[in-house]
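Asker: Have a look at this fold, sequence not included:
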């Protein structure tokens, strides 16, 4: 079973105050890039994996998705998501993506934001998603970028010119990474870029777009702290099609 | 026109002594990984882009390729390559990949080793290669990994535990990178992983395999200095199909 930090009270208290949880999609600077990668949602059956508070699930319904199934491991998250909607076509469910089996040939889109790096067996998940999508269906997801999470001590340093610099080591040593984020020892799984992309290709997907989140000029002007995000990739955004 | 360091006498003298130039393919630790990505070569028409001394061009003929066209910007390299073969089905040619136009629907395989990171306009090259391949034809290439070449000062440092660590900065500032390698100011072009992969997808290619070169246990046992290559990706290997 995937680690469930989201039901740890200390974690949840801090996490709930993140701009993206308080403000929803406008609080996530990568959202415009994700949105540009999504297919037209009108009439589509969507599954939102690691749906959290359901910001995207609700947005997709507002865009015309016919039904959205939001899945999360956390009781806290699902309870909050359920409290935020009256829509009978949004159904939330507590489940573990490590073992989840979705019904076959059912969904037009599988979406996931910043969740799959918590999953130990991504190849299994990719194969399951392939089966769960209808032909030509899409999977669109974001993960922490492998470069962001590879190192033993993933935090800013400086180069000899005083420029911020991100350390990379242990890149080819895949597997568990532990970091402190509101609580100690948050468990993530590092995979190389090749491993992630080849798992999708191996499952039968055609890769449609691979993007590494970079803030726009306008975003940096509005939030100067995003300047650092030009130095190293923090997130990888992937679109693939069955 | 791409920078031609290979015809600089100082560069050529040093470069010619690299294990991979002296010993050919056995001197390149990534070769087994590349070889595993190549399609069957029997009867295939191949273009070898940045062929250098022609080690791979000759190997492909030995594997049954019907004809190989080796292309390089460097007179020195092509002269040496020509001196090393009598095979009339291997034709070498001096040309600049920035402007090269190959005949349409001609090649079964376009191969390139550690050359495309010298090319400014990769999207143009990808579109040209797509046209030059026959349907179902492959492009297989290696480049310096963007993580390896992004930083202003791309060289080993240490983390707080004394572990080797590779610096990343300027990742999203694409374009020229200058490094000293036998000569000063060798010019390379940094692109994000997304930019490279999306250029291929945009040209019409289906990505078949993306690998980041990692030495095997056996290679590390034979050459302990390769241990460092576990820390950060130095090369990216890509296979795509028309």
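Answerer: Great, that's in hand. This structure is a prediction, so every number in the text was calculated from the model and none was measured. Residues are numbered from 1 along each chain as shown, chains lettered A, B, ... in the order given.
Asker: Bridged to the closest residue in space to residue A:116 that isn't next to it in sequence, which residues?
Answerer: Computed as C-beta to C-beta, 6 or more residues apart in numbering or on different chains, the closest residue to residue A:116 that is not its neighbour in sequence is residue A:143, at 4.9 Å. Just so you know, the C-beta spots here come from the backbone N, C-alpha and C atoms, and that holds for glycine as well. Beta bridges link residue A:143 to residue A:236, judged by DSSP bridges.
Asker: show me the residues around residue A:143 that make contact.
Answerer: Residue A:143 sits next to A:114-117, A:196, A:235-236, A:238 when contact means C-beta atoms under 8 Å, 6 or more residues apart in numbering or on different chains.
Asker: now do 10 Å
Answerer: Contacts for residue A:143 were tallied using C-beta atoms under 10 Å, 6 or more residues apart in numbering or on different chains; they are A:112-119, A:122, A:149, A:188-189, A:191, A:196, A:235-238.
Asker: Also residue A:95?
Answerer: Contacts of residue A:95 (C-beta under 10 Å, 6+ apart): A:49, A:69, A:71-73, A:78, A:101-102.
Asker: run the last query once more with 6 Å
Answerer: Going by C-beta atoms under 6 Å, 6 or more residues apart in numbering or on different chains, residue A:95 touches residue A:71.
Asker: and the gap between residue A:57 and chain B?
Answerer: 26 Å (C-beta to the nearest C-beta, to the nearest Å).
Asker: Pretty sure that residue sits against residue A:90.
Answerer: Yes - at 5.4 Å, residue A:57 counts as touching residue A:90 under the criterion of C-beta atoms under 6 Å.
Asker: between these two, who's got more neighbours?
Answerer: Set residue A:57 next to residue A:90 and count neighbours by other C-beta atoms under 10 Å in any protein chain shown: residue A:57 wins out with 29 against 23.
Asker: That one belongs to a helix?
Answerer: Yes - checked against DSSP: H, G, I helix; E, B strand; the rest coil, residue A:57 lies within a helix.
Asker: and it, what does it touch?
Answerer: Residue A:57 touches A:48, A:51, A:68, A:70, A:90, counting by C-beta under 6 Å, 6+ apart.
Asker: Kindly state the pLDDT recorded for residue A:9?
Answerer: Predicted confidence (pLDDT) for residue A:9: 88.
Asker: number of nearby residues for it?
Answerer: Neighbours of residue A:9 (other C-beta under 10 Å): 9.
Asker: same question, residue A:161
Answerer: For residue A:161, the count of nearby residues is 9 (other C-beta under 10 Å).
Asker: so what's it closest to, chain neighbours aside?
Answerer: Closest to residue A:161 by C-beta to C-beta, 6+ apart is residue B:152, at 6.5 Å.
Asker: near chain B, which residues of chain A?
Answerer: Applying C-beta under 6 Å from any C-beta of the partner chain, we find that chain A lies next to chain B at A:147, A:153, A:159, A:163, A:165-169, A:171-172, A:192, A:194, A:197, A:206-207, A:210-212, A:214, A:230-233.
Asker: coming back round to it: ok, so what distance separates the residue nearest to residue A:116 from residue A:53?
Answerer: 19 Å (C-beta to C-beta, to the nearest Å).
Asker: Same check on residue A:2?
Answerer: Residue A:2 is 18 Å from residue A:53, by C-beta to C-beta.
Asker: neighbour-wise, which of the two wins?
Answerer: residue A:53 (25 against 17).
Asker: My read is that the more buried one contacts residue A:81, right?
Answerer: Yes - applying C-beta under 6 Å as the test, residue A:53 and residue A:81 come out as touching, 5.2 Å apart.
Asker: what ranges do the helices span in chain A?
Answerer: A:9-15, A:19-22, A:31-37, A:55-62, A:75-83, A:122-132, A:146-149, A:193-203, A:217-222 (DSSP state H).
Asker: Pick the most buried one from those.
Answerer: helix A:146-149 (a mean of 23; mean count of other C-beta atoms under 10 Å in any protein chain shown).
Asker: Give me the contacts around that helix.
Answerer: For helix A:146-149, contacts defined as C-beta under 6 Å, 6+ apart pick out A:168, A:177, A:188, A:190, A:192-193, A:233-234, B:147.
Asker: Next: stretch A:219-234.
Answerer: A:29, A:145, A:147-148, A:164, A:166, A:212, A:215, B:168-169, B:171-172.
Asker: What mean pLDDT does that stretch get?
Answerer: Stretch A:219-234 comes out at a mean pLDDT of 96.
Asker: What are the buried residues along it?
Answerer: Using 16 or more other C-beta atoms under 10 Å in any protein chain shown as the test for burial, stretch A:219-234 gives A:219-220, A:229-234.
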